[in-house]
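[1] Turn this into a model:
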Amino acid sequence: MALVARVRALLLPGSRLRGATLGRAANGGGAGARRALSHRVLVEADPAAGVAVVKFRNPPVNSLSLEMLTELGICLEKLENDKTVRGIVLTADRPGIFSAGLDLTEMCGRNPAHYAEFWKAVQELWLRLYQSNMALGAAINGTCPAGGCLLSLTCDYRILADNPKYTIGLNETQLGIFAPFWFKDTMVNTIGHRATERALQLGLLFTPAEALQVGLVDQVVPEDQVQSTALSVMSQWLAIPDHARQLTKTMMRKATVDQLLKHREADIQNFVSFISRDSIQKVLQVYLQKLRKKNH
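    This next block holds a predicted model:
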């Protein structure tokens, strides 16, 4: 709760989008474009188009730390309350890594209370995105594993850069952990049961061509066209009357949302119990050590 209060204080100093700084985009960004800047999330909103581009800027890999989850959730809440914004495009501020997923340092060497707070924040962000009344698009301009893939799966459509170095998937088993039921349900709703079962058991990361073939993304486009294509597609979604689109989205996703809401506390307890095991902590420590050696 203290973290949420600190982040809210950072993000709420007096403007409609209420960022730490707010003004017209330095590069113009289109008529009426505005920019809201927090530490880890950049928001470029164009009221004339009714669209906001939300950019992840949590270097080096846009990992979903507790602070990142909280800031992103609050930024989304503010956009949902801004009547000039009807659609949101999620992307990375810089190409290369859309999001490397959940920050493993939040899950290693901490106490059970921290694990519970972190997992609750993951749940809250998923709930905000998956049942959002906004039209949501993912402009995936980099590698997108695990929690990064989950973020994209909450969107209404996904566009991936055509770069063979970029992969996407829920690869938790490769780290010695597993995707919880609501991660699984989100993927099943996108690519079907059998494809999800195979992908989750093997921890598959799909190339752009493979992701398109299995239906994990809707389009693969040249890297320099990812955001522009996402904005173009967004105009198609916003051409539909909001109430009709929103009611349809709620109908399609309600059962999946209700499952998490019904079992939310048990899911937190299961996560804390699992991640606290000595065997799991050792696996995570080894993996983090490998990452640190790789980055030095």
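[2] can you give me the helices in the stretch 1-150 of the chain?
    Along the stretch 1-150 of the chain, counting by DSSP state H, counting those that start in this stretch, helices occupy 2-11, 66-80, 112-130, 146-153.
[3] Quick one: work out the angle between the helix or strand that the last one is followed by and helix 146-153.
    Downstream of helix 146-153, the next assigned helix or strand under DSSP states H and E is strand 157-161. Interaxial angle, strand 157-161 versus helix 146-153 (axes from the mean of the first three to the mean of the last three CA atoms, to 10 degrees): 130 degrees.
[4] Quick one: distance of the helix or strand just after strand 157-161 to the chain centre.
    For strand 157-161, the succeeding helix or strand toward the C-terminus, using DSSP H and E, is strand 168-169. Averaging C-alpha positions (CA atoms, centre = their mean, to the nearest Å) puts strand 168-169 12 Å from its chain's average.
[5] so for strand 168-169, what's the average pLDDT?
    The average pLDDT within strand 168-169 is 98.
[6] re the thing from before, so of the helices of the stretch 1-150 of the chain, which one's packed in deepest?
    A comparison of the helices of the stretch 1-150 of the chain by mean neighbour count, using mean count of other CB atoms under 10 Å, puts helix 146-153 on top with a mean of 26. Glycine gets a C-beta too; all of them are placed from N, C-alpha and C.
[7] List the contacts of the residue nearest to A100 when sequence neighbours are not counted.
    Spatially, and ignoring its direct neighbours in sequence, A100 is nearest to V61 (3.8 Å; CB to CB, 6 or more residues apart in numbering). V61 makes contact with 97, 99-100, according to CB atoms under 8 Å, 6 or more residues apart in numbering.
[8] Rebuild these as CSV, extending it with distance to F183 and pLDDT.
    Shown next, in CSV, are the contacts of V61 (distance: CB to CB, whole Å; pLDDT from 0 to 100):
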residue, distance to F183, pLDDT
I97, 20, 97
S99, 14, 97
A100, 16, 95
